[in-house]
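K.L.:
Please work out how this folds:
(one chain, ligands or ions: 3)
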Amino acid sequence: MKYNYKDLGLVNTKEMFKKANENGYSVPAFNFNNMEQMQAIIEACAEMGSPVILQCSTGARNYMGKEVVPLLAKAAVEIARAKGSDIPVALNLDHGPDFDTIKDCIEYGFSSVMIDGSHYTFEENIAMSKEVAEYAHQFDVSVEAELGVLAGVEDDVVAEETIYTKPEEVEEFVAKSGVDSLAIAIGTSHGAHKFKPGDDPKLRLDILKEIEKKIPGFPIVLHGSSSVPQEYVEMIKKYGGELKDAIGIPDEQLRLASKSAVAKINVDTDGRLAFTAGIRKTFGDKPAEFDPRKYLGPAKELMKAYYKTKLADVFGSEGAYTKGK
Ligand code: G3H
Ligand code: 13P
Ligand code: ZN
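P.N.:
Ligands and ions are numbered 1, 2, ... in the order given. Purely as a prediction, here's the structure:
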């Protein structure tokens, strides 16, 4: 084992999910791709007293380097402690594609992993998830699996239909796979182009209720939950960016989900939008600027400020732990 997550100051997601479900909030899982995004996430969560899952996709891990990621996560814990906050911090692999990648992530300090078998058959998904759960649990690493398929509305790819999670399948899936949390499809989708302006996006909270009845108290996860703040979409466009007009998941719908068995909500796109808006604004306002600190710094601050509002208004996790300075 190159890095045991416990030595990095990280925790798995077990206790944080239990507390979230008992208290009617959800834990934010914010994706990061670089140091500044990590700083934005941890500073926001530490200052708000919110538990946090630092989330890293395979692509993000390849980008940062697998040697860098555990050290950034360790630094995140230390930033929170330096602020006087006791928030728990987990490091989760997002959309783990296969067993080998997961093994490597556990070797390199991840405290939680997702195995995404949602595009395979029900039986194959169970088999993949079970193999990962049995392996990960030896190291006290938590495992998230997914049942149902989210529509992918990214770039120019035409949206596939959501395949909603079937409530009648979840009990068998959870029992046979032995995973610790389950991502479900109830109408959220990945990326910046979720719905068209004028749409009235509605999550299938009825399906969520049915699922809760089948597996009471079991931690549920929502992917694809960015709200696509119009403020940042407009800023990006104003400063020369190109984005299709689109809207995301309404905050009120996510707030309702947070109060249920949903214990973890994934947000990546919103952070990307805020960060990009910040960079574009600096480049627009100060074309002579070429010091990276001068455009990455404000981008970080914008992302941090947005996440702080999100923790209070959507996740409901503000004040769950000691607030830092
Ligand atoms: O669900 C996907 C996440 O937004 C990660 O995206 O694979 O481009 O890092 P990525
Ligand atoms: P968004 O694209 O809506 O931010 O979703 C992120 C996600 O689900 C990461 O797994
Ligand atoms: Zn996702």
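K.L.:
which bits of the stretch 1-150 of the chain sit near ligand 1?
P.N.:
Contacts of the stretch 1-150 of the chain with ligand 1, taken as Cβ under 6 Å from any ligand atom, map to 31, 57, 59-60, 94-95. Every C-beta, even on glycine, is put in place using the N, C-alpha and C of the backbone.
K.L.:
So which bits of the stretch 1-150 of the chain are right by ligand 2?
P.N.:
By Cβ under 6 Å from any ligand atom, the residues of the stretch 1-150 of the chain that approach ligand 2 are 31, 94-95.
K.L.:
hang on, the earlier thing: and the buried ones among the residues of the stretch 1-150 of the chain next to ligand 1, selectable in PyMOL?
P.N.:
Selection of the buried residues among these in PyMOL, burial being defined by 16 or more other Cβ atoms under 10 Å:
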select buried, resi 31+57+60+94+95
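K.L.:
Kindly state the beta-bridge partners for the residue of the stretch 1-150 of the chain at minimum distance from ligand 2.
P.N.:
Closest residue of the stretch 1-150 of the chain to ligand 2, Cβ to the nearest ligand atom: residue 94 (4.5 Å). Per DSSP bridges, the residues bridged to residue 94 are residue 57.
K.L.:
Could you pull out the strands in the stretch 1-150 of the chain for me?
P.N.:
Assigned by DSSP state E, counting those that start in this stretch, the strands in the stretch 1-150 of the chain fall at 27-31, 52-57, 89-96, 112-115, 142-147.
K.L.:
and the longest helix for the protein?
P.N.:
When the chain is parsed with DSSP state H, its longest helix is helix 292-310.
K.L.:
neighbouring contacts of that one?
P.N.:
In this structure, residues lying in contact with helix 292-310 by Cβ atoms under 8 Å, 6 or more residues apart in numbering are 28, 30, 36-37, 39-41, 43-45, 47-48, 227, 229, 232, 251, 267, 270-271, 274-279, 281-283, 286, 289.
K.L.:
what sits against the residue in the stretch 1-150 of the chain that ligand 1 sits nearest to?
P.N.:
Closest contact between the stretch 1-150 of the chain and ligand 1, by Cβ to the nearest ligand atom, is at residue 57 (3.4 Å). When contacts are counted by Cβ under 8 Å, 6+ apart, residue 57 touches 31, 93-95, 268.
K.L.:
Counting neighbours, show which residues of stretch 65-81 come out buried.
P.N.:
Residues 69-70, 72-77, 79-80 are the ones in stretch 65-81 that count as buried (16+ other Cβ under 10 Å).
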